[in-house]
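[1] Mind folding the following:
(chains A, B and C)
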Amino acid sequence: MSVNSATSDDDTPDDGDESGGPEEVEARVGLRYTLKQVRQDTTARIGTYIVGFMTFVAVFAAFDYYVLDYAIAEAVLYNPETDPENVRRLLPPVGMENQFGQGVMAHPLGTDHRGRDLLSRTIYGTRIAMTVGFLATAIGLGGGTVIGAVSGYYGGWIDDVLQRVTETIYAIPFLVLVIAFMTAFGRNLTFAMIGVGITAVPVFNRLIRSRVVSIREEDYVEAARAAGVKDRNIIFRHIIPNSFAPVLVQATLQVGVSILIVAGLSFLGFGAQPPTPSWGQMLSASRGYMLPAPTFSIFPGIAILITVIGFNILGDGLQDALDPRINN
Amino acid sequence: MSLLRYTLRRFAQAIPVLIGIVTITFFLANQIPGDPVDIMLGPTPAQEQVEAIRARYGLDRPIHVRYFAYLSSVATGDLGLSIYYDRPVLEMIILRLPVTLLLMLSAFAFAIITAIPLGVISAKRRNEPADHVSRIISLIGVSTPSFWIGLVLIIVFAFYLGWFPARGLVLPWADPTNVRGAATQFQVIRQSMHHLFLPMIGLGTLQMAQITRIERSSMVDSLQGEYVKLARAYGVPESTIVRKHAFQVAQLPVITIIGLGLSTALGGAVLTETVFGIQGMGRLIITAINNQDYQLIMGTTLVFGFVYVVGVIITDITYSYLDPRVTYGDE
Amino acid sequence: MSEPLLSVRDLKTQFFTEDGTVRAVDGISFDVHEGEIVGLVGESGAGKSVATSSILRLVDSPGEIVGGEIEFKGETIFGLEEGDDGELRPRDEMLTEEEMRKRIRGREIAIIFQDPMESLNPVFTVGGQLREFIEINRDLGAEEAKEEAIDMLREVGIPAPESRYDEYPHQFSGGMRQRVLIAMALACQPDLIIADEPTTALDVTVEGEILEMVTELQDKYDTSFIWVTHDMSVVAEICDRVNVMYLGEIIEQAEVDDLFHDTKHPYTSALLDSMPRPDRTVDELRPIQGVMPEAIDPPAGCRFHSRCPEAREVCREVHPEPRELSDEGEAPHTAACVKHDAFGVGYDESPPIETEATGGFSAGFTETGGEAE
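    Numbers count the residues shown, from 1 in each chain, chains lettered A, B, ... in the order given. Purely as a prediction, here's the structure:
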């Protein structure tokens, strides 16, 4: 699609070739430089805090789940499985009242339609969201980088074929593609992740390919080739490291996008299967109780919102921090 | 080259992509475990019955034969039979597609009408309070799942305030005799808009936010352009500069983003239709999948891809119309 | 001499950035008389462009004109006075923003920008842009403005102007676009045209053609010009009088012949020495040593002392204001260098100091004379 090619100039967050020679590009890559820039940029810092906090919650939930078998969750917040006598369905958050009763301290955000604590389920939903967000992005990044680099570096028919294929993938609306993919291969979280990862491939492919095409012509790559360095080494040693900044920005934003898509999939019943808590599936369950217990629908959504905002602010902040032509 | 020839050429260029979509959906659909016949006939069907059904839907032939058969029938506009509905797939799609298109069009109309002023004001008053408000709105907009916006809208505007209906959709071209509480076509249209309002916002918010962001940054760039400085130096009023000189250049990236947003919006339509119980293409594909209706899955996926491709071509044409630098490609 | 058309007195324009206040234009004074082409010369970053945008009161934020006076045909473009509370405030007779836009910009003072590629709006036709400016600044109807625009395009040497009128900027070459910009300026019939490095982005042959054309048209229309450039050969070709700027100040002011043959400021000499000339070989070219210091924290004393081959101890201490150095009966010639006796600060007795230009730091620095701004 020519829309794709038309944007590559506009939304590529960073234009290495505009800012001068390779020395300058080199100076702006690398982890240490990035960290320094992020520390100086307020938005990027706020984004880091949110993402850091969510990651911490996710790691805590994963630890409790895998290692302690929900020991912490159950000690703090009782669940219907351990206390069937005491099940109180669709309680409102503490301090509020609805037709099912009064909010209690034990369930600060209330309970769901099975009487399970909403706060703990929201916390455990973080684990799914973050894992899927990161892994799907990693799949998209890996696939897109390889395809984009090969395609941009070799050009010719390889480029044509690969670009046609990614274009086709891009032409099917992501959600529809992932649903079709999961229907074909399996309706579980692993395939949701792979599916969402595949939809991200064209994004990174486009980014890397346009960088490779422009960098391929740079003198130092020519020089490396003239000196007999193998093509593969040129791609991995020179071209990919030089694309670090825009890829980092795009990847950060893509984690947020992936979380949104996976939440949508779970909402439609294509993601994590019950009883595994995931935000999308909680929202899906809440649909039947919107009138009597509206708060059930609110908190998982807020969790998604905050997490995705975190990644978006971090991505925007990174872009400002790493882009020499700041346009803020 | 004329615009018409350009349009035709863009469609011709899209053919490989469309064939690609058919290929992907065909092989994905054939990966689906289980057999639609099992679902139709229950757990213990009679052998002859199974074979008859398989032959009727062409499932008894080898896969590559079926692929080329499907490809050629798609080329003639035949998308096969829906097993679940027992009707031609195309008929189902013709029934449902207008619903989704209506939803999409209204969502994009809402997005564009709100986003462009918001982005322009934001750019013009950069780093002032109006800009901060607009940036926060658009940040929240790009970070919120559309289906959740739908749920919140239903809770607030349908359940608590009772301003809008929570479910369903009345088509504006529906016959008044079939619509409860409507005697004239005008009343049908009013009911339709009433129903459409919440889904439109639910689906359009993400697009609105994305367009606002790009509109802002594009206007910021454009307002710093040399041609804007020149216009100022020649005494052109600031309002004309914003509305004309800076604005028109700034819309080019916006058009591109609208084209790219189509894909997200088509996915979002599936969710929005689910939230608001609207019987459009989104519900159709979910029904198809839940019932392992191969032909319907392939047909709906293909049409989703087709709508996207057509949308992109429309944005490309708009772009080339607005940007005189785009030659129609034959020089 | 008659009243000047434009008179700039002690103009100061500053940029308030996060890193501090940039004194981009720091107290410059000069006049432009009717029918004159006045040069404004200096390296990149000397403040030439800021000075010209100050004249139109079009300094971009965070820049601001903070002091001085600009008078144009008896009207006050900029002027401050002390209010009752001791604060400076604009004088009553200073033109409002509205008046600037309606009466001055385009109509009285037009500008030609440096970059012809970026100055025209890519999505409108060349003719449409030209016509719009003519309509605004000459109160003509659309039809008349169009005729005028086509005439003007012909005047600046664009072939087949009727058909090119409807073309877009990308269909024009750089030189042709610059001609369009010149046509814009002339078509508004202003009394003064500010040409901000209009030929810098063009190649030399095109530059020559354009300079020739401007000289002809200037004779014909008798418009005054402020010609901003870093190129001394352009100055020699086109200007009547010259102001040499360095780091926000005008350090020498003279008629063009005097400036070339009786140079009074070492910076001007350095600029002249760095100019390629047919009578000199490349080896004889002497680029100016070092780089211009930042206007955010200009050196104390004479601002040029850090790069001046003739710098002495006193140059570090005394900040020279431009003084009249011409003899009676001669054309005025001012310079701001304490080596002249008129300053009387004891230059001759002061010991020479080591600077970038005297060999102290010169190694490793490259030429900065010929860069675009």
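
[2] check contacts around the closest residue in space to residue B:163 that isn't next to it in sequence.
    Among residues not flanking residue B:163 along the chain, residue B:157 sits closest, at 5.1 Å (C-beta to C-beta, 6 or more residues apart in numbering or on different chains). In this view, the C-beta of every residue, glycine as well, is placed from N, C-alpha and C. Contacts here follow C-beta atoms under 8 Å, 6 or more residues apart in numbering or on different chains; on that basis residue B:157 touches B:163, B:164, B:198.

[3] Which per-residue confidence value corresponds to the last one?
    Put plainly, it is residue B:198. For residue B:198, the model assigns a pLDDT of 95.

[4] try the second one
    Model confidence at residue B:164, given as pLDDT, is 91.

[5] Show me what from the stretch 201-331 of chain B comes close to chain C.
    B:225-227, B:229-237, B:245, B:248-249, B:322-325 (C-beta under 8 Å from any C-beta of the partner chain).

[6] Look at residue C:110 and give its secondary structure.
    What DSSP: H, G, I helix; E, B strand; the rest coil gives for residue C:110 is strand.

[7] hang on, the earlier thing: and the residues of the stretch 201-331 of chain B next to chain C, which of them are buried?
    B:225-227, B:229-236, B:245, B:248-249, B:323-324 (16 or more other C-beta atoms under 10 Å in any protein chain shown).

[8] re earlier: okay, the contacts of residue B:157 in CSV with secondary structure and neighbour count next?
    Below are these laid out as CSV (DSSP: H, G, I helix; E, B strand; the rest coil; neighbours: other C-beta atoms under 10 Å in any protein chain shown):
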residue, secondary structure, neighbour count
B:163, coil, 11
B:164, coil, 18
B:198, helix, 25
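
[9] ok, these vs chain C, which is closest?
    residue B:198 (37.3 Å; C-beta to the nearest C-beta).

[10] Quick one: residues contacting residue C:67.
    C:10, C:11, C:12, C:27, C:80, C:88.

[11] Need the buried ones from the residues you listed selected in PyMOL.
    Applying 16+ other C-beta under 10 Å to these leaves a buried subset, and the PyMOL line that selects it is:
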select buried, chain C and resi 11+12+27+80
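
[12] Widest-spaced pair of the contacts of residue C:67?
    C:27 and C:88 (15.2 Å; C-beta to C-beta).

[13] and the nearest residue to residue B:241 once chain neighbours are set aside, helix, strand or coil?
    Sequence neighbours aside, residue B:231 is the residue nearest to residue B:241 in space, at 5.2 Å (criterion: C-beta to C-beta, 6+ apart). Classification of residue B:231 using three-state DSSP returns helix.

[14] residues in contact with residue B:231?
    B:240, B:241, B:245, C:121.

[15] so where is chain C shaky, pLDDT-wise?
    Counting by pLDDT under 70, chain C contains low-confidence residues at C:1-2, C:278, C:280, C:357-373.

[16] biggest helix in it by residues?
    helix C:204-221 (DSSP state H).

[17] Pull out the buried residues from that one.
    Applying 16+ other C-beta under 10 Å to helix C:204-221 flags C:206, C:207, C:209, C:210, C:211, C:213, C:214, C:217, C:218 as buried.

[18] now do stretch C:122-140
    C:122-127, C:129-137, C:140.

[19] still on that earlier bit, okay, now the sheet partners of the helix or strand that the longest helix of chain C is followed by, with direction.
    Downstream of helix C:204-221, the first helix or strand assigned by DSSP states H and E is strand C:224-229. Using DSSP bridges, the strands paired with strand C:224-229 are strand C:37-41 (parallel), strand C:192-196 (parallel).

[20] what's in contact with strand C:224-229?
    Residues contacting strand C:224-229 (C-beta under 8 Å, 6+ apart): C:5-6, C:32-41, C:48-49, C:52, C:55, C:191-197, C:199-200, C:214, C:218, C:234-235, C:238-239.

[21] again, 6 Å this time
    C:5, C:32, C:34, C:36-41, C:48, C:52, C:192-197, C:238-239 (C-beta atoms under 6 Å, 6 or more residues apart in numbering or on different chains).

[22] among the residues you listed, which ones are buried?
    By 16+ other C-beta under 10 Å, the contacts of strand C:224-229 give C:5, C:32, C:36-41, C:48, C:52, C:192-197, C:238-239 as buried.

[23] Apart from its chain neighbours, what residue comes closest to residue B:196?
    residue B:106 (5.5 Å).

[24] How about residue A:96?
    Nearest to residue A:96 is residue A:103, by C-beta to C-beta, 6+ apart, at 4.9 Å.

[25] Give me the distance between that neighbour and residue A:91.
    6 Å (C-beta to C-beta, to the nearest Å).

[26] Most proximal residue of chain C with respect to chain A?
    residue C:18 (11.7 Å).

[27] mind listing what residue C:42 touches?
    Contacts of residue C:42 by C-beta under 6 Å, 6+ apart are C:48, C:245, C:246.

[28] from those, which are also near chain B?
    By C-beta under 6 Å from any C-beta of the partner chain, no member of the contacts of residue C:42 lies near chain B.

[29] Quick check: of the residues you listed, which lies closest to chain B?
    residue C:48 (15.4 Å).

[30] show me what contacts that closest one?
    Applying C-beta under 6 Å, 6+ apart, the residues near residue C:48 are C:40, C:42, C:228, C:245.

[31] so residue C:306 touches residue C:300, yeah?
    No - under the criterion of C-beta atoms under 6 Å, residue C:306 makes no contact with residue C:300, lying 10.1 Å away.

[32] between those two, who's got more neighbours?
    Per other C-beta atoms under 10 Å in any protein chain shown, whichever of residue C:306 and residue C:300 has more neighbours is residue C:306, with 23 against 12.
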